[in-house]
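# Sequence below, structure please.
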Amino acid sequence: MPRQHETFVLERSVSDQEMDVLRRGNIPQAMEDKWFWYMEGATLWAHRSWTGYCIYQIDFKEDNRHIVTVNRDPEQYGCTRIEEDVKSLNKLLDWWTQAPYDHYHEWLSETCDSLKKAGQS
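Numbers count the residues shown, from 1 in each chain. Here you go, the predicted structure:
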C-alpha cells in the first residue's frame, strides 16, 4: 500500500461460506478479469491485475465492521471518495463471494481444503 492511503470502516456481514470463497483467492484468467486477490490471515489484499497495484486491504472483523485501507496514490488509483469505494467494494465482494467459476478456483479450493486438513492432524 502506498504512503497515500485512506482508511474507513465497511459495515457488511460476511458468512463463513463467503470467507471460505475469499480465502481461495483469485488468479485472473482473462483480460476482462481485472482483479487479483488473496488472503493472509483475516486480511484480504486486492490488486489490479494489469498493473499489480494494491487498491484495497480489508481487515475482516468478527463484529462485521471491517477496516479497509484504500490506495489514494493518484497515479495508481483514480477514486477519491470513500462513498464510491464503499459502493464499488460491496459490488466486488458480492461478485468475489460467488461460487468458483473456473478450474483454477477448483484447484485453489482443493489446495485450501488439503491445507486445512493437514493443519488439523
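
# which residues touch stretch 38-57?
Contacts of stretch 38-57 with the rest of the structure, by CB atoms under 8 Å, 6 or more residues apart in numbering, involve 1, 22-23, 25-26, 28, 33-37, 58-61, 68-71, 73, 76-77, 85, 89, 92. (C-beta placed from N, C-alpha, C; glycine too.)

# For residue 5, give me phi and psi.
Backbone dihedrals for residue 5, given as degrees, to the nearest 10, come out at phi -150, psi 170.

# hmm, I was thinking of residue 4
Main-chain dihedrals, residue 4, degrees, to the nearest 10: phi -80, psi 100.

# I'd say it and residue 71 touch.
Yes. Using CB atoms under 8 Å, residue 4 is in contact with residue 71, at 7.4 Å.

# PyMOL command to pick out the buried ones of the contacts of stretch 38-57?
Entered in PyMOL, the line below selects the buried ones among the contacts of stretch 38-57, by 16 or more other CB atoms under 10 Å:
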select buried, resi 1+22+23+25+26+28+35+36+37+58+60+68+69+70+71+76+77+85+89+92
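
# Show only the entries of the contacts of stretch 38-57 found in strands.
Per DSSP state E, strands hold the following members of these: 35, 36, 37, 58, 59, 68, 69, 70, 71.

# can you put these in a markdown table and add pLDDT?
As requested, the ones in strands among the contacts of stretch 38-57 are arranged in a markdown table below (pLDDT from 0 to 100):
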| residue | pLDDT |
| --- | --- |
| 35 | 89 |
| 36 | 90 |
| 37 | 90 |
| 58 | 97 |
| 59 | 98 |
| 68 | 98 |
| 69 | 97 |
| 70 | 97 |
| 71 | 97 |
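
# Among these, which one sits closest to residue 81?
Of all these, residue 70 has the smallest distance to residue 81: 10.1 Å, by CB to CB.

# how far away is that closest one from residue 51?
Using CB to CB, to the nearest Å, residue 70 is found at 15 Å from residue 51.

# go on, residue 44?
Distance of residue 44 to residue 51, computed by CB to CB: 18 Å.
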